[in-house]
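# Structure for the following, please:
(2 chains)
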Amino acid sequence: MGDEFEPKLVAFLCKWCSSAGSDLAGVSRMEYPSNVVPITVMCSGSVSPLYILDAFNKGADGVLVSGCHPGDCHYIKGNYYARRRIAFVKKLLEYIGLEPQRFQMSWISAAEGTKYTQIIKDFVKELKSLGPQTKLRREQ
Amino acid sequence: MKRTGVFICHCGINIAGTVDVKRVSEELSRYPGVIHSEDYVYVCSDPGQNLIIDAINEKKLDSVVVACCSPTLHETTFRNASKSAGINLFQCEIANIREQCSWVHKDIEKATEKAIKITKSAVKRVRRNESLDPISIPVTRRALVIGGGIAGIQAALDLANSGFEVILVERSPSIGGHMIQLSETFPTLDCSQCILTPKMVEVSKHPQIKLLTYSEVQEVSGYVGNFKVKILKHPTYVYPDKCTLCDECTKVCPVVVPNEFDIGLTGRRAIYIPFPQAIPATYTLDIKGCPGLLPIACGKCADVCEPEAIDYDMKPEIVEEDVGAIIVATGYDLYDKKMMAEYGYGKYSDVLDGLQFERLCSASGPTMGKILRPSDHKEPKEVVFIQCVGSRDPELHCAYCSKICCMYTAKHAMLYKHHVPDGQAYIFYIDIRSGGKGYEEFVQRAVEEDGVLYLRGKVSKIFDDKGKIKVWGVDTLIGKDIEINADMVVLATAMRPSRGAEELAKKLKIAMDKDGFLSEAHPKLRPVESVTSGLFLAGAAQAPKDIPEAVAQASGAAAKAISILSQDRLYHAPTVAKVEMNLCTGCGMCVHVCPYDALSLKEGKVEVNEVLCEGCGTCSATCLRAAIKVINLTPLQIHEMIRASLGG
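Residues are numbered from 1 along each chain as shown, chains lettered A, B, ... in the order given. Next up is the predicted model:
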């Protein structure tokens, strides 16, 4: 199984909830696949659709955006904007023929290390079954 | 290009056990812009910090990346170390390779690869970081305390006794909160009013406290150190300085409405004083009950008022105050009785909630401290107390534990036995949670000295049976159904955030948890702060808690507020939004999405109020022309971080 496809996953985590949640997963020594590389941003509301497309362009097989639970945003309502924007990105991806499952959004609080772990596990599993993302990849 | 130094921490074996730190160091040393790269066993130790300082000096580094634990832990340590070597605080970034890498993976090869990506990503970020200085702002040395219960009273007194002016706002006509309604307090059985009223008097006499009762916070703007608050003061139609408390007005008032202070066990007039020791000591005309303010409709109270203290023309008043810090102590309400239909609450008058039972026990209560059934004024001989009513019930009600009910139910049963020595008290419970100084001993005293019968199980149904209240329950320890013909039932209903707390939280921009309690900034290390700086939490508004905890948190919140008010100037993170003037078209989309109203349009371009901006970046993601960005986390930096994260 040495040459099994290892998907590349970029996770945009908001600093206050999701990044803290993934820190908690670490503190609790939960294990999940190392395919994910986190990028901590201030708020899920700051994740521009361009970041998501850029990640796919640069070879990501999947992109996760994770913020605080609705109503619990550190910046009051940033995650609502994220949710709206992300729904739009999903539609866009579908329109251009990319499997919409390659792009996911989740709500992970600072106390939800377990949830973060599970989401990454499930996402990586899904990406493995989807295979490499080639549609938007720009050869580098 | 910048000259970056990279330091990889082993953290003993916490990182080095899973990540090949030597390899990370080697890979990074070949990365563009990296002048220096080394690993060390504990970079956070003094010798470790000296490595950073020495490398900055020797190799003329202008930026630093430390690959170590989460930035929430040592970012400040390493930024200060870098600063001491003469480079700007914002030229130091952290790559989290412990919590987000070594601790969550086992495969050394894969974890090392990932650690390299994370570290490279941080190098990419720091390469475009700007050197910044914190933004300095002045401080208004006054505080606002919202809520006049025990937590608010304590916070106001602590602030005032430290020499700061305090505005204490309370919604009801008197301060005192729920604590003033209580009969005795556990575990000492101190008379609640006796220990609270001295504090209330101190508030009323304190030269540094401005008390605004019958008032509500209407609008809050500004930021830490400089809040502007609008407070709506409802008219009481009575001038406190003229009122002599003669009580003639209540004798002529024709209107009787349920008395909130006795939770409906008694009635009061439309013009009333909530309780004899009310602060401020004056009457209030409740306009909702009053037949009309036109003297032609009634006007009896004004007719009999000799000092002419009653004025039907009194108008609502808006009070504007500037404060530097705000403490929110809005307290709790009991869970809505309509939700507890299976327990007959609201249907049978002898099914009471905990606060009503407090009033029955209270020497100042409707029965002058005699425990009598509301229905027929007879002494109840068998009383069933039910714990966890609405609490610990995630399917139907509140998932959380209301924390104080185990203790106050033990107290209720004990007080009942002290009033009715030949009666029997039963307590249905799920668990008894009596953590606290003297608490477990108190529960034992209830069982051993007062013969309270604890039954482990839930009650399924309560119904009227020929004048008795039949209680069907189960004792799970003996595995049998229990049937009790009770004379009175007392429900330990769940604590909920006080009504209106949600609305207020929105005005203050304080986050709430899933149950509606106000969220603290960190559950362990910042328990009295909200995430918005300058706003602090005290008492049951944050979570269910008993009096000692509410008082401790209030003093903690006051101390935190003082740490702001005692400063000459405050400093604000300079990583705020910045507008590229030549790209901005003044479309205003960012202005609409800004959660802090920090953006405004000025002469066709967007202007950032740097003090209000918290740097969330929502504006940046909204702008179609990339004309607005957050300093040090710009789209360009993120694009480069994405490349590094994917192995580029």
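
# Can you pull the poorly scored residue ranges out of the chain?
Unless you meant another one, I'm taking chain A. Where chain A drops to pLDDT under 70, the residues are A:1-2, A:139-140.

# could you do chain B instead?
For chain B, the ranges with pLDDT under 70 are B:293-296.

# Show me the residue at the heart of it, geometrically.
By CA atoms, centre = their mean, chain B has its centre lying nearest to residue B:542, at 3.0 Å.

# Would you enumerate the residues in contact with that residue?
B:517-520, B:527, B:553 (CB atoms under 8 Å, 6 or more residues apart in numbering or on different chains). Heads up, the C-betas are built off the backbone N, CA and C, glycines and all.

# Which residue does the stretch 451-600 of chain B have closest to chain A?
Nearest residue of the stretch 451-600 of chain B to chain A: residue B:595, at 4.2 Å (CB to the nearest CB).

# Give the helix, strand or coil label for that residue.
coil (DSSP: H, G, I helix; E, B strand; the rest coil).

# Could you give the number of residues near it?
Neighbourhood size, residue B:595 [other CB atoms under 10 Å in any protein chain shown]: 21.

# ok, for it, nearest residue in space, not its chain neighbours?
residue A:76 (4.2 Å; CB to CB, 6 or more residues apart in numbering or on different chains).

# Now for the one you found, how many residues are close by?
Residue A:76 has 23 nearby residues by other CB under 10 Å.

# Name the nearest residue to the most centrally placed residue in chain A, ignoring sequence neighbours.
Among the residues of chain A, the one closest to the centroid is residue A:64, at 0.9 Å (CA atoms, centre = their mean). In space, and not counting its chain neighbours, residue A:64 is closest to residue A:11: 4.2 Å by CB to CB, 6+ apart.

# Each with direction, which strands does the host helix or strand of the one you found pair with?
Residue A:11 is part of strand A:9-14, with elements assigned from DSSP states H and E. Applying DSSP bridges, strand A:9-14 is found paired with strand A:36-41 (parallel), strand A:62-67 (parallel).

# Distance of the nearest residue to residue B:403 once chain neighbours are set aside relative to residue B:254?
Leaving aside its sequence neighbours, residue B:403 sits nearest to residue B:544 (CB to CB, 6+ apart; 4.3 Å). Here residue B:544 is placed at a distance of 40 Å from residue B:254 (CB to CB, to the nearest Å).

# Neighbour count for the two, which is higher?
Neighbours per residue, other CB under 10 Å: of residue B:544 and residue B:254, the larger number sits with residue B:544, 22 against 11.

# mind checking which helix or strand that one is in?
Counting by DSSP H and E, residue B:544 is part of no helix or strand.

# phi, psi of the residue nearest to residue B:403?
phi -60, psi 130 (degrees, to the nearest 10).

# Please tell me I have it right and it contacts residue B:398.
No - judged on CB atoms under 8 Å, residue B:544 makes no contact with residue B:398 at a distance of 9.4 Å.

# My assumption is that residue B:490 lies in a helix; please confirm.
No - going by three-state DSSP, the assignment for residue B:490 is strand, not a helix.

# Would you mind naming the residues that bridge with it?
Beta-bridge partners, per DSSP bridges, of residue B:490: residue B:352, residue B:385.

# residues in contact with it?
Residue B:490 sits next to B:351-354, B:356-357, B:383-386, B:409, B:412 when contact means CB under 8 Å, 6+ apart.

# list the contacts for residue 6?
Going with chain A. Here residue A:6 is in contact with residue A:35 (CB under 8 Å, 6+ apart).

# that's the wrong chain, I wanted chain B
Counting by CB under 8 Å, 6+ apart, residue B:6 has contacts B:25, B:28-29, B:31, B:34, B:36-38, B:64-67, B:119, B:123.

# Show me which of those residues are buried.
B:25, B:28, B:31, B:34, B:36-38, B:64-67, B:119, B:123 (16 or more other CB atoms under 10 Å in any protein chain shown).

# so how far is the strand holding residue A:11 from its chain's centroid?
4 Å (CA atoms, centre = their mean, to the nearest Å).

# Tell me the helix or strand right after it.
helix A:18-27.

# who touches that next one?
Contacts for helix A:18-27 (CB under 8 Å, 6+ apart): A:11, A:13, A:32, A:38, A:40, A:44, A:66-68, A:106, A:108-117, B:70, B:72, B:96, B:98-101, B:103-104.

# Which of these fall within helices?
If you go by DSSP state H, the contacts of helix A:18-27 have A:113-117, B:72 in helices.

# tell me which of these is nearest to residue B:506?
Distance to residue B:506, by CB to CB, is smallest for residue A:115 among the ones in helices among the contacts of helix A:18-27, at 26.4 Å.

# Now do the contacts for the closest one.
Counting by CB under 8 Å, 6+ apart, residue A:115 has contacts A:21, A:106, A:108-109.

# okay if I get those as CSV plus distance to residue B:559 and neighbour count?
Putting the contacts of residue A:115 into CSV (distance: CB to CB, whole Å; neighbours: other CB atoms under 10 Å in any protein chain shown) gives the following:
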residue, distance to residue B:559, neighbour count
A:21, 30, 27
A:106, 37, 22
A:108, 32, 30
A:109, 28, 21
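
# Can you say which two of these are spatially most distant?
Based on CB to CB, the longest span within these runs between A:106 and A:109 and measures 10.6 Å.

# what comes up buried for the helix or strand containing residue B:228?
Element membership for residue B:228, per DSSP H and E: strand B:226-233. Across strand B:226-233, burial judged by 16+ other CB under 10 Å covers B:226-227, B:229, B:231-233.

# The nearest residue to residue B:127 once chain neighbours are set aside - how many residues pack around it?
Leaving aside its chain neighbours, residue B:127 sits nearest to residue B:2 (5.0 Å; criterion: CB to CB, 6+ apart). For residue B:2, the neighbour count with other CB under 10 Å is 16.
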